[in-house]
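Enquirer: Quick one, structure for this:
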Amino acid sequence: MELNVHHQNIMRAIRAEMGWPCFRPANDCLAFSAGKEMDIATGMEIARIAQMLNQDVIYSGWKSPKATEPMGFTIAYREMLSIDIVDKLVPFAANDEAPLVLVSTRTDESFEIDRRGSLVRVPSKPTNIGKGRKLAMKRIKATAASLSNEMLGNNRVVPAGATSIEPRAPTETIVRFA
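Expert: Next up is the predicted model:
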């Protein structure tokens, strides 16, 4: 799958709308990724990448490089002894200001970012998912449209089956003293 600015910007928008900063936070435990449609082989590859990165992964699957909306969202969620691949997720917004969450269409759970910046699995899901999904997609598209039409220089391409991932460019975490 070739790199695509629109797909990049959709993932940047999801990142922002979920409340994840545009810089590398102190608790750098979450990666955002885009690629081909989800299938068993892709799920296995995302799990392997989550393990290699030591980060949970939010993934959007696309039918083709020309597609304007993702086919769906998947999370590689690291547990103590395994990595769960949770697919068939939809973005949800409770209102215009609330951070987005990803809601399972298969089980009674959702995923959100907590105040520590960790992706957490919540054992319930909101009501009126259809309305919340429409609002979430509206916000995602608006945020994506406001972003630059240039590929970010620190994008990494991971060939299927690669045994390593090129290191990201060093980025300092913001340290504040009160």
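Enquirer: distance of residue 35 from residue 8?
Expert: As for residue 35, its distance to residue 8 is 11 Å (criterion: C-beta to C-beta, to the nearest Å). (Each C-beta comes from the backbone N, C-alpha and C, glycine too.)
Enquirer: Give the buried residues for the top strand by length along the chain.
Expert: Using DSSP state E to define each element, the chain has its longest strand at strand 83-92. Buried residues in strand 83-92, counting neighbours by 16 or more other C-beta atoms under 10 Å, are found at 83, 85-87, 89-92.
Enquirer: what residues does the helix or strand following that strand touch?
Expert: Beyond strand 83-92 in the direction of the C-terminus, DSSP states H and E gives the next helix or strand as strand 101-104. Applying C-beta atoms under 8 Å, 6 or more residues apart in numbering, the contact partners of strand 101-104 are 18, 58, 73, 75, 86, 88-92, 109-112, 122, 125-126, 129, 132-133.
Enquirer: So what sits opposite the residue most central in space within the chain in the bridge?
Expert: Taking C-alpha atoms, centre = their mean as the criterion, residue 58 is the residue nearest the geometric centre of the chain, at 2.9 Å. Partner residues in beta bridges with residue 58, using DSSP bridges, are residue 32, residue 75.
Enquirer: same deal with residue 62?
Expert: With DSSP bridges as the rule, residue 62 is bridged to residue 36.
Enquirer: Show me the helices in the protein, by range?
Expert: Secondary structure of the chain (DSSP state H): helices located at 5-17, 40-53, 129-145.
Enquirer: could you dump these to CSV with mean neighbour count, mean pLDDT and distance to residue 30?
Expert: Supplementary listing: the helices of the chain in CSV, determined by neighbours: other C-beta atoms under 10 Å; pLDDT from 0 to 100; distance: least, C-beta to C-beta, whole Å:
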stretch, mean neighbour count, mean pLDDT, distance to residue 30
helix 5-17, 20, 93, 8
helix 40-53, 17, 92, 10
helix 129-145, 16, 96, 17
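Enquirer: Can you check which of these gets nearest to residue 105?
Expert: Evaluated over the helices of the chain, closeness to residue 105 peaks at helix 129-145, with 7.8 Å, by C-beta to C-beta.
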